[in-house]
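A.B. asks: can't give you the sequence, but here's the structure:
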C-alpha cells in the first residue's frame, strides 16, 4: 500500500488587506512573543533534570515544533499572496471582497456572507473562500439575480438582495 498523496491544488493567492494584516500580526506574535516564551519554559524544564519523563519539557518541545511549523508556513505563504485593496469599477456586481446578502428561496431565510481569500475564512463572521461553491456561483451576479448552488445537502436557490464593498453595521 502506497502512502503517496498527490499534491494539493494551489490555493488562490488573493487576500483582503485586513486578512493580510492578521497573518502578518500572527507571524510577528509567534516569532517575537510566543516562541521566546515557550523556549524559556523548555529551558527551565530541561534544567530540572531527567527529560525523558519531564512532561513540561516534552509538551514545550511539541509546542515549539508546532510554532516553527506555523512560522515556516506563514513565511512561505505571505510573499505568495496578492492583496486586493481596490474596489471593482462595477460595485453592483459580486467580486472578491464583497459583502453579500442572500435570501434562500425555499426557506425564506436571509444569509449574509463575505467572499474572501482561502487564508482568511471565518465561519463565525460568515466569511467564505473565493474557491467555495457558493462564492463561485455568486461571482459577477448582481442584485435580484437568482443563484443555484450545489451543496452537500442538495441544490440551494438564492436571490441576491444586496452587494456592498464596505462592512455594513446593523
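C.D. replies: That came through, no problem. Values in this document were obtained by computation on a predicted structure and should not be read as measured data.
A.B. asks: and the biggest strand by length in the chain, which strands flank it?
C.D. replies: Assignment by DSSP state E gives strand 154-164 as the longest strand of the chain. Using DSSP bridges, the strands paired with strand 154-164 in its sheet are strand 99-104 (antiparallel), strand 146-151 (antiparallel).
A.B. asks: What lies in contact with the very next helix or strand once past the first one?
C.D. replies: Right, the one you point to is strand 99-104. Next along the chain after strand 99-104, taking DSSP states H and E as the criterion, comes strand 110-116. Contact with strand 110-116 is made by 15-16, 19, 94-104, 122, 125-130, 134-135, 138-139, 158, 161, as judged by CB atoms under 8 Å, 6 or more residues apart in numbering. No exception for glycine: its C-beta is placed from N, CA and C like everyone else's.
A.B. asks: How far off centre is strand 110-116?
C.D. replies: Its chain's C-alpha centre lies 14 Å from the corresponding centre of strand 110-116 when counted by CA atoms, centre = their mean, to the nearest Å.
A.B. asks: what mean pLDDT does the helix or strand that that strand is followed by have?
C.D. replies: Next helix or strand after strand 110-116 toward the C-terminus (DSSP H and E): strand 127-129. Averaged over strand 127-129, pLDDT sits at 95.
A.B. asks: So what touches strand 127-129?
C.D. replies: By CB under 8 Å, 6+ apart, strand 127-129 touches 12, 113, 114, 115, 116, 117, 118, 120, 121, 134, 135.
A.B. asks: Check which helices and strands the helix or strand just after it is in contact with.
C.D. replies: Downstream of strand 127-129, the first helix or strand assigned by DSSP H and E is helix 133-138. Applying 3 or more CB pairs under 8 Å, 6 or more residues apart in numbering; DSSP states H and E, one finds that helix 133-138 contacts strand 110-116, strand 127-129, strand 146-151.
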